[in-house]
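Novice: Any chance you could fold what I've pasted below:
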Amino acid sequence: MTDLPFRSALALAADIRARRVGCRELLELHLRRVERYNPGLNAIVVTAIEAARMRADDADAALRRGENWGPLHGVPMTVKESYDVTGLPTTWGVPEFRDHRATRNALAVDRLIAAGAVLFGKTNVPLMLADWQSYNAVYGTTNNPWDTTRTPGGSSGGAAAALAAGLTALEAGSDIGSSLRSPAHYCGVYAHKPSWGVVSPRGHALGGRVAAADISVVGPLARSAGDLEVALAAMAGPDEIDGQGWRLELAKPRHERLADFRVAVLLSVPHAEVDRTVQDGVQAVADTLAKAGATVSDRARPAFDTLVADRLFRRLLGAAMSARQADEAFRRNLEKAQALAPDDLGDHAQALRAATLHHRDWLLANEERHRMRLAWAAFFRDYDVLLCPPVTTTAFPHDHEGDPFERSINVNGRRRPIAEQLFWAGYAGLFYLPATVAPAALSPAGLPTGVQIIGPQYGDFTCLRLARLLEREHRGFVPPPGYAAN
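Specialist: Numbering: from 1, shown residues only. Modelled structure (predicted):
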């Protein structure tokens, strides 16, 4: 049996219902682990311990009365620092917001609490949620539990690190440029990027913004695919305004057996080269599927040029994030963009143009995006999912020098621009598609690698069901060494 701190949230909820462990007892176990291991990880950066103890006590009392709060009754969890939680800071790592306290919960937080969860803290992020690492001047640097000299990813890096080390049982993060998916890959846990619009982002915003950003989503991280299914079901649905006119009914999984899946596999592309260690993990998953009788193709693709899609994603990603700029920063970026040579297609040039995009240019880019969406829809008539890497390498050493998008990483023995790996975020994200990241393998250096399972729009439960089957037939969560269960 899996040691208690590393069990899935569903297994812990079952233990609670069966009276094998109490809600307060389970919370105290996690708090002791936070006290022991968090100083070396800096994953959980905000706590609400007394409130959590009171709720855990109430959860125990409710069980004694025969009440069931939901599928997560009594399960201790944390959320990404960027979610509003009443009375707790929401800074996004920005020092100017150090003293900001939320006056109400984010809608997704309320829904997880309504499902029975016991919220006891918040996890670290990069500045403005804009890095593949998680460090900022407010809370400091978060380390990867597999190797503390390396990043746990970003921007949901604290979330993934806390899960992998057994400090929390469930997490909620967000994703606009792989912020759920890359940390799951780097830390060996699960994450699901929902179809755009499936989970309301209300209360996951800086400065009180209420409009949903293009591409950006919120979603769960966990130690099992089943946990992702339950957490997504709890979080999903419109807010109180949209809920007056529509309700969410996600499609059921297309298949229940590995043998029935039709799977395409993409291991690398020239403009976003993937390290062999990561490719090998994805290929291992494909081999498991083929052995189980699934239809597996290494040639099937949606009918558009991946390089064109990559550049389009960068343009619309930068535009989606442009409102985060202060007025003065936008003015400086506009001057820099206007001074660029027309033929400059470097990463920094693309980012500057995207951050200062004219609305007409955005509309033209959006039209191109929607034409590619039609190509994806045609692809999914013949295939159920596409497997690909979440990012280009395993977790890389901490590197806080300069602009995040101007750094480089080692890919197959060569230094490559880190921004190249944005392609693997945008291949699903730009087109509103769901994507689940599941553990795939351990690299020769002993670092986890993951596989990204991309499905049709609103086919979230098809991605999650395949991840759940692979958890049984291929590989599930494995705790990092050095984090004893006691």
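
Novice: how about the helices in the chain?
Specialist: Counting by DSSP state H, the chain has these helices, from start to end: 9-17, 23-41, 49-64, 107-114, 157-164, 181-187, 225-235, 276-291, 306-321, 327-338, 347-355, 359-382, 422-429, 460-473.

Novice: weakest of those helices by average pLDDT?
Specialist: When the helices of the chain are compared on mean pLDDT, helix 347-355 scores lowest, with a mean of 89.

Novice: counting contacts, what elements does that one pack onto?
Specialist: Helix 347-355 sits against helix 306-321, helix 327-338, with contacts defined as 3 or more Cβ pairs under 8 Å, 6 or more residues apart in numbering; DSSP states H and E. Just so you know, the C-beta spots here come from the backbone N, C-alpha and C atoms, and that holds for glycine as well.

Novice: Render the CA-only coordinates of it in PDB, please.
Specialist: Extracted C-alpha coordinates of helix 347-355, given in PDB (Å, rounded to 0.1, in the frame of the first residue of the first chain):
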ATOM      1  CA  ASP A 347      12.600  35.500 -29.700                       C
ATOM      2  CA  HIS A 348      12.900  38.900 -28.100                       C
ATOM      3  CA  ALA A 349      11.600  40.700 -31.200                       C
ATOM      4  CA  GLN A 350       8.600  38.400 -31.400                       C
ATOM      5  CA  ALA A 351       7.800  39.000 -27.800                       C
ATOM      6  CA  LEU A 352       8.000  42.800 -28.200                       C
ATOM      7  CA  ARG A 353       5.700  42.800 -31.200                       C
ATOM      8  CA  ALA A 354       3.200  40.600 -29.400                       C
ATOM      9  CA  ALA A 355       3.200  42.700 -26.300                       C
END
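
Novice: tell me which residues in that helix are buried?
Specialist: Across helix 347-355, burial judged by 16 or more other Cβ atoms under 10 Å covers 347, 349-355.

Novice: quick revisit: with distance to Trp146 as extra columns, can I get the helices of the chain in a markdown table?
Specialist: Shown next, in a markdown table, are the helices of the chain (distance: least, Cβ to Cβ, whole Å):
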| stretch | distance to Trp146 |
| --- | --- |
| helix 9-17 | 21 |
| helix 23-41 | 11 |
| helix 49-64 | 27 |
| helix 107-114 | 27 |
| helix 157-164 | 7 |
| helix 181-187 | 7 |
| helix 225-235 | 20 |
| helix 276-291 | 13 |
| helix 306-321 | 28 |
| helix 327-338 | 35 |
| helix 347-355 | 28 |
| helix 359-382 | 33 |
| helix 422-429 | 20 |
| helix 460-473 | 19 |
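
Novice: Grab the nearest non-local neighbour of the residue most central in space within the chain.
Specialist: Central residue of the chain (Cα atoms, centre = their mean): Leu180, 1.1 Å from the mean position. Spatial nearest neighbour of Leu180, excluding adjacent residues (Cβ to Cβ, 6 or more residues apart in numbering): Ala191 at 4.2 Å.

Novice: residues contacting that neighbour?
Specialist: Listed by Cβ atoms under 8 Å, 6 or more residues apart in numbering, the contact set of Ala191 reads 156, 160, 173, 175, 180-181, 183-184, 219-222, 228, 436-437.

Novice: just those residues now: which is nearest Pro76?
Specialist: Closest approach between the contacts of Ala191 and Pro76, by Cβ to Cβ: Ala222, at 13.1 Å.

Novice: Check the closest one and give its pLDDT.
Specialist: 99.

Novice: for stretch 134-148, how far is the first residue from the last?
Specialist: Start and end residues of stretch 134-148 are separated by 13 Å (Cα to Cα, to the nearest Å).

Novice: What residues of it count as buried?
Specialist: Going by neighbour count (16+ other Cβ under 10 Å), the buried part of stretch 134-148 is 134-136, 138-139, 141-148.

Novice: In strands only, show me the residues you listed.
Specialist: 135-136, 141 (DSSP state E).

Novice: Ends of stretch 86-97, what's the gap?
Specialist: Terminal residues of stretch 86-97 lie 15 Å apart, using Cα to Cα.

Novice: Going by neighbour count, which residues of it are buried?
Specialist: For stretch 86-97, by 16+ other Cβ under 10 Å, it's 88-94.

Novice: ok, now stretch 226-240?
Specialist: For stretch 226-240, burial by neighbour count (16+ other Cβ under 10 Å) applies to 226-238.

Novice: Reformat the ones in strands among the buried residues of stretch 134-148 as JSON lines; add pLDDT.
Specialist: JSON lines is the format used below for these (pLDDT from 0 to 100):
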{"residue": "Tyr135", "pLDDT": "98"}
{"residue": "Asn136", "pLDDT": "98"}
{"residue": "Thr141", "pLDDT": "98"}
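
Novice: for these, which one is nearest Glu67?
Specialist: Out of these, the member with the shortest distance to Glu67 (by Cβ to Cβ) is Asn136, at 40.3 Å.

Novice: ok, so what distance separates Gln244 from Arg209?
Specialist: Distance from Gln244 to Arg209, counting by Cβ to Cβ, to the nearest Å: 22 Å.

Novice: re the thing from before, ranking the helices and strands packed on helix 347-355 by burial, who's on top?
Specialist: Ranked by mean neighbour count under mean count of other Cβ atoms under 10 Å, the helices and strands packed on helix 347-355 are led by helix 306-321, which reaches a mean of 20.

Novice: for that helix, packing partners?
Specialist: Applying 3+ Cβ pairs under 8 Å, 6+ apart, we find helix 306-321 packed against helix 347-355, helix 359-382, helix 422-429.

Novice: Select, out of those, the one closest to Ala169.
Specialist: helix 422-429 (26.5 Å).

Novice: Quick check: buried residues in the closest one?
Specialist: Buried-residue list, helix 422-429, by 16+ other Cβ under 10 Å: 422-429.

Novice: Quick check: Asn42 touching Thr141?
Specialist: Yes - using Cβ atoms under 8 Å, Asn42 is in contact with Thr141, at 6.2 Å.

Novice: How about the residue in this protein that sits furthest from its center?
Specialist: Arg65 (36.8 Å).

Novice: Show me how this structure divides into domains.
Specialist: Here the chain is described, according to automatic domain parsing, as comprising the domains 4-267+386-473, 304-371.

Novice: tell me the most buried of those domains?
Specialist: Most buried of the domains of the chain, by mean neighbour count (mean count of other Cβ under 10 Å): domain 4-267+386-473, with a mean of 22.

Novice: Do me a favour and get the end-to-end distance for that domain?
Specialist: End-to-end span of domain 4-267+386-473 (Cα to Cα): 22 Å.

Novice: now stretch 301-312
Specialist: Stretch 301-312: ends 17 Å apart by Cα to Cα.

Novice: hmm, who's touching that stretch?
Specialist: Under Cβ under 8 Å, 6+ apart, the answer for stretch 301-312 is 264, 266, 269-272, 345, 350, 365, 368-369, 371-372, 375-376, 378-379, 386, 422-423, 426-427, 430.

Novice: Same question for stretch 230-250.
Specialist: 9-10, 70-72, 107-108, 111-112, 114-115, 170, 172, 192, 194-195, 198-200, 202, 218-220, 222, 458-461, 464.

Novice: How far off centre is it?
Specialist: 19 Å (Cα atoms, centre = their mean, to the nearest Å).

Novice: what do you get for stretch 261-278?
Specialist: 19 Å.

Novice: again with stretch 174-187
Specialist: On Cα atoms, centre = their mean, the centre of stretch 174-187 falls 4 Å from the chain's centre.

Novice: next one: stretch 365-385
Specialist: Counting by Cα atoms, centre = their mean, stretch 365-385 comes out at 22 Å from the chain centroid.
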